[in-house]
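1. got a predicted structure plus its sequence, pasted below:
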Amino acid sequence: MSQAHVWTGRPLQPAALAVLEGLATVSVSSVGERSDWYAEASTADAIIVAGETFVTGEVMDRIGPRLRIIARTGIGVDRIDLDAATHRGIMVVNTPDGPTESTAEHTIALLLNLCKRVMTGDRILRSGSPFPALTELIPGLEVSGAVLGLVGLGRIGSRVAAIARVLGMKVLAFDPFIAPGRASSLGVELVPSLVELLPLANVVSLHCPSTPETYHIMNAETLNLMPRGSYLINVARGALIDEAALLEALRSGHLAGAALDVFDPEPPITNHPLFTLPNTICTPHVGSYTAASLLRMQVMACDQIASALRGERPSNLVNVLVWGHQRA
């Protein structure tokens, strides 16, 4: 029996390759995932893609009828057309547990950096300006005793809550899909709505998926609900924030600062005005980019592919309606 073929945009580590041993041969793209890689993948039964790669119905058709599994290393599948995949009998799987720890740590790193104004001080000294008098600087925020408002209390939001509580923060959350008992077990107080959460928080951190319902969930109206001098963090998806409204809130001083790891569109323009403001921290979507997280996500993606190749239902099948109608 011939082995299946798995195409990947990036080299797989030995532990991930070991999962597919005896089941599939693996080829690594020579052009990456931002070029015309579809011809390379035309003989693939499965492809492994990262979060910045769009896989539309047209892409699926260009790859060809052999494709039956799309594996996403990470959580968000907003750049994969799930309806198109289901219509074509293609299974879409992801690795929701892989990036949790690294992304949560990145959130906390941004939070402390913002509140303690680390980047502000660093920029002053690197610019060649004289050592500033403290009276020339805006005081930071002591996080112990401050209120952190989480929009989303899933895997990453829950881990952020745990770390924040160790720092002495009071954690509130809005998440209509989380049971009160689950929040209580995390030491988190659930708030019934976003409009009730925002005025209560010194720092707001976004941890919800990008859906039509969450598009621009942070806009001029909701940003204005945040207390003057508060902070906003987004390591989830760029489409959650109306960037024009955020710019206005930052320039006016209503928000003391914002830290962003994601943008809309992505990649953003190189001279984006958010990059030049003194009260922003911007990182290039690297929240989950650690050695440990990369290894976990690769192994988990290969585990999902292996299950599908063996005829088993993958545990992280995203488009569940495809099951029973998938391509053979």
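-> Now that the structure is in, tell me what you want to look at. Numbers count the residues shown, from 1 in each chain.
2. quick one, helices of this protein?
-> With DSSP state H applied, the chain shows helices at 14-20, 57-63, 82-87, 100-115, 118-126, 155-166, 180-185, 194-197, 220-225, 243-251, 291-309, listed in chain order.
3. okay if I get these as JSON lines plus distance to Asp45 and mean neighbour count?
-> From N, CA and C alone the C-beta is placed, and that goes for glycine too. Formatted as JSON lines, these follow (distance: least, Cβ to Cβ, whole Å; neighbours: other Cβ atoms under 10 Å):
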{"stretch": "helix 14-20", "distance to Asp45": "11", "mean neighbour count": "16"}
{"stretch": "helix 57-63", "distance to Asp45": "10", "mean neighbour count": "17"}
{"stretch": "helix 82-87", "distance to Asp45": "14", "mean neighbour count": "18"}
{"stretch": "helix 100-115", "distance to Asp45": "28", "mean neighbour count": "22"}
{"stretch": "helix 118-126", "distance to Asp45": "46", "mean neighbour count": "14"}
{"stretch": "helix 155-166", "distance to Asp45": "29", "mean neighbour count": "21"}
{"stretch": "helix 180-185", "distance to Asp45": "38", "mean neighbour count": "12"}
{"stretch": "helix 194-197", "distance to Asp45": "42", "mean neighbour count": "17"}
{"stretch": "helix 220-225", "distance to Asp45": "44", "mean neighbour count": "16"}
{"stretch": "helix 243-251", "distance to Asp45": "39", "mean neighbour count": "17"}
{"stretch": "helix 291-309", "distance to Asp45": "7", "mean neighbour count": "22"}
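4. hey, least reliable of the ones you listed by pLDDT?
-> Mean pLDDT values for the helices of the chain show the minimum at helix 118-126, a mean of 90.
5. quick check, distance from that one to the centre of its chain.
-> Chain-centre distance of helix 118-126: 27 Å, with Cα atoms, centre = their mean, to the nearest Å.
6. quick check: angle from it to helix 100-115?
-> For helix 118-126 against helix 100-115, the angle by axes from the mean of the first three to the mean of the last three Cα atoms, to 10 degrees is 60 degrees.
7. neighbouring contacts of helix 118-126?
-> Applying Cβ atoms under 8 Å, 6 or more residues apart in numbering, the set of residues contacting helix 118-126 from outside is Leu112, Asn113, Phe131, Pro132, Leu137, Pro278, Asn279, Ile281.
8. on that earlier part again, which one of the helices of the chain lies nearest to Arg72?
-> Checking the helices of the chain against Arg72 by Cβ to Cβ gives helix 291-309 as the closest, at 7.4 Å.
9. now find how far off-centre the closest one is within its chain.
-> Mean-position distance between helix 291-309 and its chain equals 17 Å (Cα atoms, centre = their mean).
10. quick one: contacts of it?
-> 4, 6, 12-13, 15-17, 19-20, 23-24, 45-46, 48, 68-69, 71-74, 91, 93-95, 97-99, 101-103, 288, 313-317, 326.
11. repeat for stretch 274-284
-> 106, 110, 113-114, 119-120, 123, 243, 246-247, 250-251, 255-261, 263, 267-268, 272.
12. show me what counts as buried in it.
-> Neighbour-count burial for stretch 274-284 flags Leu274, Leu277, Asn279, Thr280, Ile281, Cys282, Thr283 (criterion: 16 or more other Cβ atoms under 10 Å).
13. how long is stretch 69-89 end to end?
-> Length of stretch 69-89, first residue to last, Cα to Cα, to the nearest Å: 9 Å.
14. with stretch 140-152 instead?
-> End-to-end distance of stretch 140-152: 26 Å, with Cα to Cα as the criterion.
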